[in-house]
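Peer 1: Here is my input; please provide its structure:
(one chain, ligands or ions: 2)
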Amino acid sequence: MARVRLNWQIKTLLPVALVLVNGLLLFALITLTLQDPARNQVLAVGFAGAIVVCAVLFMVLAVVIHRPMVELQEKIARVQKGDLFVNVSFADRNDEIGDLGSHFNDMVQQLRESREEIERLHRTQVSRAEHLATLGEMAAGLAHEIRNPLAGIAGVMEIVGRDLPSNSPAKEVLGEVRHEVMHINKIVSELLEIARPKPPVFRQADIVSVAEHATLFARDQASARRVRLEVLPGDPVPQLEFDSGQIHQVLLNLLLNAVQACDAGGSVQVEFASDEHYVITMVTDTGKGIPPDVLPNIFRPFFTTKGNGTGLGLSLARRIVEEHGGWLQATSELGRGTQFRLALPKVREEG
Ligand SMILES: Nc1ncnc2c1ncn2[C@@H]1O[C@H](COP(=O)(O)OP(=O)(O)O)[C@@H](O)[C@H]1O
Ligand SMILES: [Mg+2]
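Peer 2: Ligands and ions are numbered 1, 2, ... in the order given. So this is what the prediction gives:
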């Protein structure tokens, strides 16, 4: 049923008119009973008076209520179109309509300030992003330039080492230099991967097989440290679309970190779970854990607590997972162990 819409004019005038008519009827009743010959004139004057009162009331209401309402509607329409430099003129009136007006003006001002704040943040973010992009390009160029001479140095080391007599003390030094060169090469290669990321190539694949394959690669380090490494069979998880090479790299990174965090006798487990949107791979270790004040830093590039670490593994891992539309998070308890959760979306959003 359509609701009847009564204008405010009718709503306000109706009771006034009813009271007036009521008064007139009463008046007519009295004059009728009095049988006064002049009663028609009195009645006519009464009616005319009532009409004038109604008209005056109507005009007063129009000025007092209707005008501000029309103005407010116009201003709201302008705000809707995005103009936040509007003000209503009746805000300084000393009544409820004035309160309404000043609240409206305050609200528009707040909206305007919020919008300016958002625009300012957006500008700083864009300039930061540009800055980072330039830095990334520079880093990539630098990494590329360093890699070639590095390969040259490694080659020369090899040749020099071969020519040295086997009992020469220089051989040991040379071995150390080679080790350092390989470390620089690792940093530079990972940096290059971060600065010039390859977009993932999505294919249907089985996350469990990829994880099992990654544990094979980590097994050597695990057994050298006498750490148990196992993939737990769980409920079957669905096939997903992901870049198996990249996710393999991420899982291997997580597994090696986990193994490196454990002392002899520790264990690293890989498990799978799924919720409505994601398939989650969990890598849990019984290692030394991460202090709460360190935890927020571990995904930052170059953050490492290891003497021979590059600090690039986790930042690269997180970037890869986020490019897949997933997420990578860590929880840890100092002295008890750490869990990394890697989530990949069940349905890939085309982007
Ligand atoms: N499973 C883990 N247990 C404890 N600490 C960890 C674990 N994984 C990562 N970390 C911490 O995060 C840091 C950064 O890791 P990563 O980015 O892989 O760099 P790297 O392994 O070269 O140090 C590590 O140096 C370590 O302090
Ligand atoms: Mg690492």
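
Peer 1: Tally up the residues packed near the residue of the stretch 251-351 of the chain found nearest ligand 2, please.
Peer 2: Nearest residue of the stretch 251-351 of the chain to ligand 2: residue 313, at 3.1 Å (C-beta to the ion). Every C-beta, even on glycine, is put in place using the N, C-alpha and C of the backbone. For residue 313, the count of nearby residues is 20 (other C-beta atoms under 10 Å).

Peer 1: residues in contact with it?
Peer 2: Shown in contact with residue 313 (C-beta atoms under 8 Å, 6 or more residues apart in numbering): 190, 253, 256-257.

Peer 1: Which entries in these are shared with the contacts of ligand 1?
Peer 2: When contact is defined as C-beta under 6 Å from any ligand atom, the contacts of residue 313 meet ligand 1 at 253, 257.

Peer 1: Same list (the contacts of residue 313) but as CSV, adding secondary structure and distance to residue 329.
Peer 2: Compiled in CSV, those are given as follows (DSSP: H, G, I helix; E, B strand; the rest coil; distance: C-beta to C-beta, whole Å):
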residue, secondary structure, distance to residue 329
190, helix, 21
253, helix, 15
256, helix, 18
257, helix, 14
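
Peer 1: and of the contacts of residue 313, the nearest to residue 223?
Peer 2: Distance to residue 223, by C-beta to C-beta, is smallest for residue 256 among the contacts of residue 313, at 13.2 Å.

Peer 1: who are the neighbours in contact with the closest one?
Peer 2: With the criterion set at C-beta under 8 Å, 6+ apart, residue 256 makes contact with 218, 221, 313.

Peer 1: so where's the stretch 201-350 of the chain uncertain?
Peer 2: The stretch 201-350 of the chain contains residues with pLDDT under 70 at 350.

Peer 1: which residue ranges form the strands in it?
Peer 2: Secondary structure of the stretch 201-350 of the chain, counting by DSSP state E, counting those that start in this stretch: strands at 203-205, 228-231, 240-242, 267-274, 278-285, 327-333, 337-345.

Peer 1: Dump these to a markdown table, plus distance to residue 67 and mean neighbour count.
Peer 2: A markdown table is the format used below for the strands of the stretch 201-350 of the chain (distance: least, C-beta to C-beta, whole Å; neighbours: other C-beta atoms under 10 Å):
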| stretch | distance to residue 67 | mean neighbour count |
| --- | --- | --- |
| strand 203-205 | 67 | 13 |
| strand 228-231 | 76 | 16 |
| strand 240-242 | 62 | 22 |
| strand 267-274 | 62 | 19 |
| strand 278-285 | 58 | 22 |
| strand 327-333 | 56 | 16 |
| strand 337-345 | 56 | 22 |
